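Q: Below are the sequence and a predicted model for it; my questions follow.
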Amino acid sequence: MDPEALHRQLQAGAARLARRPALKTVARLAAEQGLQVYLVGGTVREQALGRESPDLDLAVPTRTLSLARDLARELRGTFVLLDEKERTARVVAGKDLLDLAEFRAPDLIGDLQGRDFTVNAMALELGELLRGGPVTLVDPLGGLEDLAAGVLRMVAPANLSDDPLRMLRAFRFAATHGFRISPETLAAIRDRAPLIESVAGERLHQELFLLLASPRAGQVVRQMDEVGLLCHLLPELCDAKGVAQNGFHHLDVFAHSLETLSHLEEVLAAPERWFQALAPEIRRLAANPKWRVLVKWAALFHDVGKPKVQARRSDPDRYTFYHHERVGRELFLQAARRLRFSLEESRLVSEIISWHMRPFLLLPAFRRGELTPRALGRMVRALRQHLVAGFAMAMADSLAAQGDQKPPDSEAALAALAEAAWRFLKEQLEPQERRPRLLTGHDLKRHFHLTPGPRFRRLLTAVEEAQWEGRVRTRAEALALVRDLLEREGATS
């Protein structure tokens, strides 16, 4: 898009902003205190791109915290102190979120020169904007031209050193906006990559989640690796570099993990290419950014345990990775603690990692037509909450493995297994759970004089699994099955 078109969009966006009551309140309070306030950063960038900007970024020359407190009181909102030293605060009032930051230099130009990227170093004077008519864009670093060219260019290398999170933000913007990071910016990031380790986990968490929510995350994560940033962010993942795999794979563990992420994005974007009944559910869940991000985390970390358990068989091209999913789960949790995942986020990702091999372990029997209802039901019950995520990731995992020994029908067989699992869940397991149980723990106590304990669960599960197989349909048959199982236990004890 040419700069003139962006400028027209900026003018239209400024007119929309002028109608927002919260900005009128800011302008009135600022005038009372003799302050000249500017809209800056992402707010200006998004208006030029013709996008809505729910968050409002404001730069204030002085007395910023006082202005923010007055604003929160006037709007009957909440004042949040972000950084007392840097004099930054947030005001949340209904749907309005206003971030106020004090100039980091004696004047506006100096403040803009201290920002991260040229596309974020543009400003509009609030008073002029509210008066209506054309607004003057303050753009000392050529941000509008870079925005038109789709280029993300640092303002200065020192600014990346001042706040190393800006290096990750560069890739986040590449993912969310499709920006091309300029060569000099990539070079500066390469030189400063280790500095990212000094950034607080909470801040890294926010940027990484925004990045992974984008459908371009796979290609951007590769770029992060090319400049050396990824290994300082996720050292657990980078330990997999150079770890060879067996003939089902054509890549080492690290490259396979990145390839799995990219293929997962394809699966989430067009699940009907591989699935049938499962496709609408994948599409529905993938519309939730949080779910989408967490499944991508599982894809990145699903094989991270392999370097710890790799063992070579007698054939030099054959390796085993027994229980790598258990080790990988612990390594992910280590990273999750560092990156300040919530307990719910950590649990969901770690469970997907723990169970990610289950579909592949059942595929040989499924191909032969020998997969029993009991085995299928156990997998469905175990994966229950993560069945959709598990099969979406399994498909990506399979697509990312293109070794000579991989069966040519792998994706078709996996899709068929997914359909069978989904049908079992919807047509057998869920209807059975809605009906009264044939037997309860009370029945075990009454008829067999058993006391509650692990045996209760084992016997009731056996009845449930026999129902799956059609061997038990009535209460009398269920009691007979339990009696038979107890007699066998007695005979072998």
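A: Yep, that arrived. Small disclaimer: the values here were computed from a predicted structure and weren't measured. Numbers count the residues shown, from 1 in each chain.
Q: The nearest residue to residue 410 once chain neighbours are set aside: what's it in contact with?
A: Excluding the flanking residues, the one nearest residue 410 by CB to CB, 6 or more residues apart in numbering is residue 398, at 5.1 Å. For glycine as for every other residue, the C-beta is placed from the backbone atoms N, C-alpha and C. Neighbour list for residue 398: 410-411, 414 [criterion: CB atoms under 8 Å, 6 or more residues apart in numbering].
Q: Kindly report the domain assignment for the chain.
A: Each domain of the chain is listed here as a residue range: 3-149, 150-233, 244-434, 441-492, per automatic domain parsing.
Q: Reformat the ones you listed as JSON lines; add mean pLDDT.
A: JSON lines is the format used below for the domains of the chain (pLDDT from 0 to 100):
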{"stretch": "domain 3-149", "mean pLDDT": "94"}
{"stretch": "domain 150-233", "mean pLDDT": "97"}
{"stretch": "domain 244-434", "mean pLDDT": "88"}
{"stretch": "domain 441-492", "mean pLDDT": "83"}
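Q: Am I right that the residue nearest to residue 410 is in a helix?
A: Yes - secondary structure of residue 398, determined by DSSP: H, G, I helix; E, B strand; the rest coil: located in a helix.
Q: Please report how far it lies from residue 240.
A: 18 Å (CB to CB, to the nearest Å).
Q: Same list, the contacts of residue 398, but as a markdown table with distance to residue 22 and neighbour count please.
A: Listed next are the contacts of residue 398 as a markdown table, based on distance: CB to CB, whole Å; neighbours: other CB atoms under 10 Å:
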| residue | distance to residue 22 | neighbour count |
| --- | --- | --- |
| 410 | 55 | 18 |
| 411 | 51 | 16 |
| 414 | 51 | 22 |
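Q: ok, of those, which one's closest to residue 17?
A: Proximity of those to residue 17 (CB to CB) peaks at residue 411, which lies at 48.9 Å.
Q: does the closest one belong to a helix or a strand, and which?
A: helix 410-424 (DSSP states H and E).
Q: quick check: angle from the helix or strand harbouring residue 362 to helix 410-424?
A: In this structure, residue 362 sits in helix 358-367 according to DSSP H and E. Calculated by axes from the mean of the first three to the mean of the last three CA atoms, to 10 degrees, helix 358-367 forms an angle of 90 degrees with helix 410-424.
Q: what sits against residue 111?
A: By CB under 8 Å, 6+ apart, the neighbours of residue 111 are 40, 59, 103-105.
Q: typed the wrong thing, it's residue 262
A: 218-219, 400.
Q: Moving along the chain from the one helix or strand it maps to, name the first helix or strand you hit.
A: Following DSSP H and E, one finds residue 262 within helix 253-269. Using DSSP H and E, the next helix or strand after helix 253-269 towards the C-terminus is helix 278-286.
Q: Just give me the closest of the contacts of residue 262 to residue 23.
A: Nearest to residue 23 out of the contacts of residue 262 is residue 219 (CB to CB; 37.2 Å).
Q: Report how many residues lie close to that closest one.
A: If you count neighbours by other CB atoms under 10 Å, residue 219 ends up with 15.
Q: now do residue 51
A: 13.
Q: so when I look at it, I'm seeing a strand, right?
A: No - per three-state DSSP, residue 51 lies outside any strand segment and is coil.
Q: For it, give me phi and psi.
A: Backbone torsions for residue 51, taken as degrees, to the nearest 10, come to phi -110, psi 160.
Q: Residue 95 now?
A: Backbone torsions of residue 95, given as degrees, to the nearest 10, read phi -90, psi 0.
Q: Give me the distance between the residue nearest to residue 410 and residue 362.
A: Distance of residue 398 to residue 362, given as CB to CB: 13 Å.
Q: Find the residues that touch each one of those two.
A: With CB under 8 Å, 6+ apart as the test, residue 398 and residue 362 reach no residue in common.
Q: Could I get the full set of strands for the stretch 301-450 of the chain?
A: Using DSSP state E, counting those that start in this stretch, the strands of the stretch 301-450 of the chain run over residues 311-312, 319-320.
Q: check contacts around the residue minimising distance to the centre of the chain.
A: Nearest to the mean C-alpha position of the chain, by CA atoms, centre = their mean, lies residue 293 at 1.7 Å. Contacts of residue 293 were listed using CB under 8 Å, 6+ apart, and they are 209, 212-213.
Q: How about it, nearest residue that isn't a chain neighbour?
A: Per CB to CB, 6+ apart, closest to residue 293 is residue 212, 4.5 Å.
Q: what do you get for residue 176?
A: Spatially, and ignoring its direct neighbours in sequence, residue 176 is nearest to residue 214 (5.1 Å; CB to CB, 6+ apart).
Q: And the helices in the stretch 301-450 of the chain, which stretches?
A: 306-309, 324-338, 343-355, 358-367, 373-383, 387-399, 410-424, 430-434, 441-448 (DSSP state H, counting those that start in this stretch).
Q: Just say which of these is most tucked in.
A: helix 387-399 (a mean of 25; mean count of other CB atoms under 10 Å).
Q: what helix or strand does the residue nearest to the centre of the chain sit in?
A: Short version, using DSSP H and E: residue 293 is in helix 289-301.
Q: That helix: which residues count as buried?
A: Within helix 289-301, the residues scored as buried using 16 or more other CB atoms under 10 Å are 291-301.
Q: now swap in stretch 70-81 and tell me
A: 70-72, 75, 77, 79.
Q: and what of stretch 268-279?
A: Under 16+ other CB under 10 Å, the buried positions of stretch 268-279 are 268, 271, 274-275, 278-279.
Q: Quick check: end-to-end length of it?
A: 9 Å (CA to CA, to the nearest Å).
Q: Contacts for that stretch, please.
A: With CB under 8 Å, 6+ apart as the criterion, stretch 268-279 contacts 215, 266-267, 282-283, 286, 292, 295, 388, 391-392, 395, 411, 415, 418-419, 422-423.
Q: Contact partners for residue 346?
A: 332-333, 336-337.
Q: and the gap between the residue nearest to residue 410 and residue 59?
A: 50 Å.
Q: and what of residue 70?
A: The value you get for residue 70 to residue 59, if CB to CB is used, is 17 Å.
Q: try residue 279
A: For residue 279, the distance to residue 59 equals 47 Å [CB to CB].
Q: Look up the closest residue to residue 124, ignoring the ones flanking it.
A: residue 39 (4.6 Å).
Q: Phi first, then psi, for that neighbour.
A: According to degrees, to the nearest 10, residue 39 has phi -80, psi 130.
Q: and if you look at residue 92?
A: Torsion angles, degrees, to the nearest 10, at residue 92: phi -110, psi 120.
Q: from what I can see it touches residue 82, true?
A: No - the pair residue 92 / residue 82 is not scored as a contact, 11.7 Å apart, by CB atoms under 8 Å.
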